[in-house]
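> Return atomic coordinates for the entry below.
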Amino acid sequence: MLLSSFSPLSKRNYKIRKVVIDAGHGGKDPGCHGKSAKEAEVALKVALEVGKLVSTIEDVKVIYTRDKNEFIELHDRAGLANKNNADLFISIHCNAGNPNAHGHETYTMGLHTSNGNLEVAKRENDVILKEDNYLEKYDGFDPNSPIAHILFSNFQNAFLENSLQFASKVESNLDNKAGNKSRGVKQAGFLVLWKTTMPAALIEIGYLTNTEEEKFLMNKDNQHNIAQGIFHAFKEYKEQIEKSN
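Okay, the predicted model is just below:
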């Protein structure tokens, strides 16, 4: 999908200056869990590590949707990115599913091509049930309705191409830096990506429901390596976008 003519990414001398890093879940919403690890806690540790690394780039400002264990509504996460005119939105999560499933995968907003993609989106979107007036905030979207997810996943925006570019770099760099299996770049209807007005991706760094991968994700060195992979993906994406201008 081509960028629209009014997209800021199409302007000459465009620079990536602001990045919003979103640690999924938090507070009253712990996310998925393994035998002992909780998604909200692991995601936050990795997100803060990614932010620390990105902050070493002199001309880039890092903004966190949360930097502690607190509940932030999905629309507020996108709203923070939009309010700050961010150039990239990175949402970090852990996955859940079959106990044998393992590996990382990166999503952009778009049409899901498998029931597996749909199930991941449904699980991540269910958090809005913890919010007040969610039907009003999300234009009547009902996370309990499979049809709603199917219709919603058709939504695409002007930044899809760039979102896919970044997602692809995340998958290749996580493969190199972290060493766990890449499950590829995918698309589905994620509410947290829906209202962002910039390239955006949601990264599932691994499965807490896989006993061995849960241990892997809880290890501090592995968390650093995962963060390194996301950081290098960001550097490559930044260089590519700015060079193309």
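> residues contacting Ser182?
The contact partners of Ser182, by Cβ atoms under 8 Å, 6 or more residues apart in numbering, come to 103-105, 171-172, 174-175. C-beta coordinates here come from the backbone N, C-alpha and C atoms, glycine included.
> Name the spans of this structure whose pLDDT lies under the cut-off.
With pLDDT under 70 as the threshold, the chain has low-confidence stretches at 1-12, 111-114, 116-118, 149-157.
> center of it, which residue is that?
Leu202 (1.9 Å; Cα atoms, centre = their mean).
> tell me the SS of that one?
With DSSP: H, G, I helix; E, B strand; the rest coil as the basis, Leu202 sits in strand.
> How much space separates it from Asp132?
Going from Leu202 to Asp132 by Cβ to Cβ, to the nearest Å gives 24 Å.
> try Asp221
Distance of Asp221 to Asp132, given as Cβ to Cβ: 40 Å.
> Could you do Ser91 as well?
Ser91 sits 22 Å away from Asp132, going by Cβ to Cβ.
> quick one: which of the two has more around it?
Taking Ser91 and Asp132 together and counting by other Cβ atoms under 10 Å, Ser91 has the greater number of neighbours (28 against 8).
> Go ahead and confirm the more buried one touches Val19.
No: counting by Cβ atoms under 8 Å, Ser91 sits too far from Val19 to count as a contact (11.7 Å).
> tell me, what's touching these two both at once?
Common neighbours of Ser91 and Val19, using Cβ under 8 Å, 6+ apart, do not exist here.
> can you map out the strands along this structure?
With DSSP state E, the ranges of strands along the chain come out as 18-23, 61-64, 88-95, 104-109, 182-188, 200-207.
> Nearest approach to Pro143 belongs to which of these?
strand 182-188 (13.0 Å; Cβ to Cβ).
> So which bits of the closest one are buried?
Neighbour counts using 16 or more other Cβ atoms under 10 Å place 182-183, 185-188 of strand 182-188 among the buried residues.
> residue ranges of the helices in this protein, please?
Listed in chain order, the helices of the chain (DSSP state H) span 39-54, 74-83, 115-125, 134-137, 146-152, 160-177, 191-194, 211-218, 220-244.
> Dump the contacts of Ser182 to CSV, plus distance to Glu41.
Formatted as CSV, the entries for the contacts of Ser182 read as follows, by distance: Cβ to Cβ, whole Å:
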residue, distance to Glu41
Gly103, 20
His104, 18
Glu105, 20
Glu171, 24
Ser172, 27
Leu174, 20
Asp175, 24
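> and those residues as JSON lines, adding neighbour count and distance to His25?
Rendered in JSON lines, the data for the contacts of Ser182 read as follows (neighbours: other Cβ atoms under 10 Å; distance: Cβ to Cβ, whole Å):
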{"residue": "Gly103", "neighbour count": "19", "distance to His25": "20"}
{"residue": "His104", "neighbour count": "26", "distance to His25": "17"}
{"residue": "Glu105", "neighbour count": "24", "distance to His25": "17"}
{"residue": "Glu171", "neighbour count": "22", "distance to His25": "22"}
{"residue": "Ser172", "neighbour count": "16", "distance to His25": "26"}
{"residue": "Leu174", "neighbour count": "28", "distance to His25": "20"}
{"residue": "Asp175", "neighbour count": "15", "distance to His25": "25"}
